[in-house]
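1. heads up, no residue letters with this:
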């Protein structure tokens, strides 16, 4: 799968044989097409006279300034989704840090100063404010009015189960309801709590996407922007690898897919092999790295199958899966069933292992393609 951010470049990559978009970032659309802080549009009384004039010029022609935000965001999302129709496009809701929000037009009055924005007011914790309702309205328009139902919503940096319930409630109030018209909602697995309580999060979300940078940072307690600690920051650290393996086992036991979006598989074939052995369902990378990672995955799958044939033992992920199963008390998969591609324990009946050489995506049933209304 692909990582995309810029709607204007989305159609440049449509020929790549990807299974969809694993990470579509909203931050690029907000920063370059919306440009203004959402709260400044909803609370025009708070900016000073100069800032109000800037907002008036930017939103000229809109009686409701919130509609300006919704229009710009919806068209950006739609372009990303249309470029890969009908395959899934996982849209991550905004995940600016406070210092990044402050750089938007009229953003400074609405953002606090934080000593460590990386673990501050970001992600799901911001979604109880009015600003998130505009994102929900944009997502509803893309799926319901434009017909791009291949959009999957992903919630980033969700710390607690209570926070997950609150975010889903806000979404339900504004329109994009989980399960309605096939809408799936994923969670970004980048906090140790997401792994420790994977079973409980799986009851609230339809899938997991590992943010390897965030998970490494919070598992090892290392600031990923610190040059002094750069030698310690390593996604292949045993603690991070064990966390990934644990999440896969627990998520699959609940019938939920697990993917990963990050740069490391592009640069490190050994890390890609670790992900394949762990049993991930998808890997999402930048378009210019797609071909290389595809080769890395195929090679890792070939190596795993060869080890299975020569040793006659367990297939992917062999030792790792049984070690994690012992830690969690969950049943481990057996090699013969995993090798033949039969339905796996803990997964839906139609969820089977991909054929050799594929990117780790489950096979999809043949279906009739419905053309979205935005194409007509």
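-> Yes, it's here. This one's a predicted model, so the numbers in the text were calculated from it and none came from an experiment.

2. pretty sure residue 170 contacts residue 127?
-> Yes: in this structure, residue 170 is within contact of residue 127 by CB atoms under 8 Å, at 5.9 Å. Bear in mind the C-beta positions are built from the backbone N, C-alpha and C, glycine included.

3. between those two, who's got more neighbours?
-> residue 127 (22 against 18; other CB atoms under 10 Å).

4. Next, the more buried one: phi, psi?
-> phi -80, psi 0 (degrees, to the nearest 10).

5. Please list all residues in contact with it.
-> Residue 127 is in contact with 93, 155, 166-167, 170, counting by CB atoms under 8 Å, 6 or more residues apart in numbering.

6. Which two of the residues you listed have the greatest separation?
-> 93 and 166 (13.6 Å; CB to CB).

7. I'd say residue 266 and residue 284 touch.
-> No: checked against CB under 8 Å, the pair residue 266 and residue 284 is beyond contact range at 10.6 Å.

8. what about these two, which has more around it?
-> The neighbour count for residue 266 versus residue 284, taken as other CB under 10 Å, is higher for residue 284 (26 against 19).

9. Relative to residue 4, how far out is the more buried one?
-> 9 Å (CB to CB, to the nearest Å).

10. Check residue 53 too.
-> 34 Å.

11. quick revisit: which residues are common contacts for residue 284 and residue 4?
-> 21, 23.

12. Enumerate every residue touching the closest residue in space to residue 97 that isn't next to it in sequence.
-> What sits nearest to residue 97 in space, not counting adjacent residues and going by CB to CB, 6 or more residues apart in numbering, is residue 117, at 3.7 Å. Residues counted as contacts of residue 117 (CB under 8 Å, 6+ apart) are 97-100.

13. Would you reformat these as JSON lines and include secondary structure?
-> Putting those into JSON lines (DSSP: H, G, I helix; E, B strand; the rest coil) gives the following:
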{"residue": "97", "secondary structure": "coil"}
{"residue": "98", "secondary structure": "helix"}
{"residue": "99", "secondary structure": "helix"}
{"residue": "100", "secondary structure": "helix"}
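
14. Any chance of CSV for these, columns distance to residue 306?
-> Converted to CSV, the contacts of residue 117 look like this (distance: CB to CB, whole Å):
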residue, distance to residue 306
97, 44
98, 50
99, 49
100, 46
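
15. So which of those residues wins on neighbours?
-> Busiest of those [other CB under 10 Å] is residue 97, holding 19 neighbours.

16. and it, how far is that from residue 273?
-> 32 Å.

17. More neighbours: which of residue 53 and residue 4?
-> residue 4 (26 against 11).

18. Any stretches of the stretch 151-300 of the chain with poor pLDDT?
-> Nowhere does the stretch 151-300 of the chain drop to pLDDT under 70.

19. Would you map the helices across it?
-> Here the stretch 151-300 of the chain has its helices, by DSSP state H, counting those that start in this stretch, at 161-174, 192-196, 198-202, 212-220, 238-253, 264-267, 269-278, 290-311.
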